[in-house]
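1. Okay, sequence plus prediction incoming.
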Amino acid sequence: MTTRMDQALGPGLYIVATPIGNLGDITLRAIETLRGVSVIACEDTRVTGKLLKHLGIKARLIRHDDHASEVDRQRLIETMRTEPVALVSDAGTPLISDPGFRLVREARAAGVAITSLPGPSAAVVALTLSGLPSDRFLFAGFLPNKAKARADVLAELASVPATLVFYETAPRLDDALAAIGEALPGREVAVARELTKRFEECRAGSAAELAEYYAAHPPKGEIVLLVGPPLEAAAPDEADVDTLLLAALADFKPSQAAASVARETGLDRKALYARALELRGQ
Ligand code: SAM
C-alpha cells in the first residue's frame with residue numbers, strides 16, 4: 001500500500017500527521033492523501049474542517065476518538081475494507097498523546113491495509129531543539145495532574161538513562177517544574193514552547209531557574225518539557241578508592257578485593273588489582 005501521488009488511493013487506513021502550528025509543515029503526501037480519501041476520521045470536525053478549508057479540500061469528516069464505541073470503530077473498519085479512510089488528530093501525529101491506538105490495533109487485527117504518513121510531532125521537534133542528548137529518549141506523554149501520582153511517575157522514571165520528554169500545558173508548568181526539581185535534582189531541564197509558531201521559544205536550565213523565569217514571565221501556549229538523563233555518578237577520588245580497597249583486603253585476596261570494588265564503583269578491575277597489590281605491599 002503506497003500513496004503514489006499520481007494514483008487513486010487503495011482501500012485501507014491512512015494515518016496522516018498534520019502541522020502543530022505552522023500550516024507550511026503539511027506534507028505533499030498528506031495533502032494528496034486527504035484529497036484522495038473517501039472519509040477523514042478526526043478528533044474535532046471544526047479543527048480539521050479549518051485545515052481542509054485552508055488546503056481547499058472538501059471531504060466527509062467523521063468524529064472519532066478513543067471514546068468511540070466498539071460499534072463505531074468496527075463500522076469505520078468495515079469502510080476501510082472497500083474505501084480509503086484517513087485518520088488525523090487536531091495537530092501533529094495521531095496516536096502520540098492523541099486518539100487512534102484502538103482503531104489502529106483493531107484495523108490491524110481485521111487485516112485492513114494500513115500506512116502512516118510521517119509529519120510533525122511536538123515531542124521530536126522539541127527534542128531536536130533542546131540541546132539535550134538525543135541518542136536515547138523516553139516519551140512519557142502528560143504527567144498526571146495530582147501531586148502524588150506525578151511524584152510517583154517521576155520516581156519511576158528517575159533512573160531511566162535517557163532524556164525524558166513530557167507534554168505540558170502552560171497552567172501546569174510551575175507544578176511540573178517544582179516536582180521535577182524535587183524528584184530529579186541536578187538534572188538539566190528544557191522548556192520548548194509554541195513550536196513552529198511565531199513565538200517559538202526553547203529555554204534550558206535547572207528546574208529551579210526555569211521556575212523562577214516562568215514565575216516572572218507567565219508562559220502562554222503549548223509546551224514540551226524535557227529532562228536530561230541522570231548525571232553520571234561522580235567517580236570516587238583516589239583516597240576513597242584506597243579506603244574501599246583496604247576494607248575489602250581485610251577480608252579478601254587482592255583479586256577478589258579488586259573485583260568487589262570494581263563492582264561497587266564501576267572502575268577498571270585490572271587497575272584496582274594493581275593498586276590492591278601496592279596497598280598490600282605497603
Ligand atoms: N499528537 C500531537 C503531536 O504529535 O505532537 C500531540 C497532541 S497532545 C494532545 C498536545 C500537546 O502536544 C500539547 O499540550 C503540548 O504539550 C504538545 N504540543 C503540541 N503542539 C505544540 C507546539 N506547537 N509547541 C509545543 N508543544 C506542542
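-> Looks like it arrived, so ask away. Remember, predicted model here, so these are calculated numbers, not experimental data.
2. Which stretches in the stretch 151-282 of the chain count as strands?
-> 163-169, 189-193, 201-205, 222-227 (DSSP state E, counting those that start in this stretch).
3. Pipe those into JSON lines and attach distance to the ligand and mean neighbour count per row.
-> C-betas here are computed from N, CA, C, even on glycine. Listed next are the strands of the stretch 151-282 of the chain as JSON lines, based on distance: least, CB to the nearest ligand atom, whole Å; neighbours: other CB atoms under 10 Å:
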{"stretch": "strand 163-169", "distance to the ligand": "3", "mean neighbour count": "20"}
{"stretch": "strand 189-193", "distance to the ligand": "6", "mean neighbour count": "24"}
{"stretch": "strand 201-205", "distance to the ligand": "9", "mean neighbour count": "16"}
{"stretch": "strand 222-227", "distance to the ligand": "3", "mean neighbour count": "24"}
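4. What residues does this protein have near the ligand?
-> 20-21, 89, 91-93, 96-98, 121-123, 167-169, 192-197, 222-224 (CB under 6 Å from any ligand atom).
5. So for residue 216, which of the strands of the stretch 151-282 of the chain sits nearest?
-> Closest approach to residue 216 among the strands of the stretch 151-282 of the chain is made by strand 201-205 (12.2 Å; CB to CB).
6. what angle do the closest one and strand 189-193 make?
-> Per axes from the mean of the first three to the mean of the last three CA atoms, to 10 degrees, the angle that strand 201-205 makes with strand 189-193 is 170 degrees.
7. same question for strand 201-205, mean pLDDT?
-> Mean pLDDT, strand 201-205: 97.
8. Which other helices and strands does that strand contact?
-> In terms of contacts (3 or more CB pairs under 8 Å, 6 or more residues apart in numbering; DSSP states H and E), strand 201-205 is packed against helix 122-130, strand 189-193, helix 207-216.
9. so of those, which one's packed in deepest?
-> For the helices and strands packed on strand 201-205, the largest average neighbour count (mean count of other CB atoms under 10 Å) is found in strand 189-193, namely a mean of 24.
10. Strand partners (parallel or antiparallel) of it?
-> strand 201-205 (antiparallel), strand 222-227 (antiparallel) (DSSP bridges).
11. Show me how far that strand is from its chain's centre.
-> Taking CA atoms, centre = their mean, to the nearest Å, the mean C-alpha location of strand 189-193 is offset from the chain mean by 13 Å.
12. how about that strand as PDB, C-alpha atoms only?
-> The C-alpha coordinates for strand 189-193 follow below in PDB (Å, rounded to 0.1, in the frame of the first residue of the first chain):
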ATOM      1  CA  VAL A 189      15.700  20.800  32.000                       C
ATOM      2  CA  ALA A 190      14.400  22.400  28.900                       C
ATOM      3  CA  VAL A 191      11.000  24.100  28.100                       C
ATOM      4  CA  ALA A 192      10.100  24.200  24.400                       C
ATOM      5  CA  ARG A 193       7.100  26.400  23.700                       C
END
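13. still on that earlier bit, got the strands paired with strand 189-193 as a markdown table, with distance to residue 38 columns?
-> Below are the strands paired with strand 189-193 laid out as a markdown table (distance: least, CB to CB, whole Å):
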| stretch | distance to residue 38 |
| --- | --- |
| strand 201-205 | 40 |
| strand 222-227 | 32 |
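14. Can you give me the pLDDT of residue 248?
-> Looking at residue 248, the pLDDT reads 88.
15. What distance do you get for the closest residue to it other than its chain neighbours to residue 250?
-> Leaving aside its sequence neighbours, residue 248 sits nearest to residue 257 (CB to CB, 6 or more residues apart in numbering; 3.5 Å). From residue 257 across to residue 250, the span is 9 Å (CB to CB, to the nearest Å).
16. Who has more neighbours out of these two?
-> residue 257 (25 against 8; other CB atoms under 10 Å).
17. list the contacts for that one?
-> 245, 248, 249, 251, 272, 276 (CB atoms under 8 Å, 6 or more residues apart in numbering).
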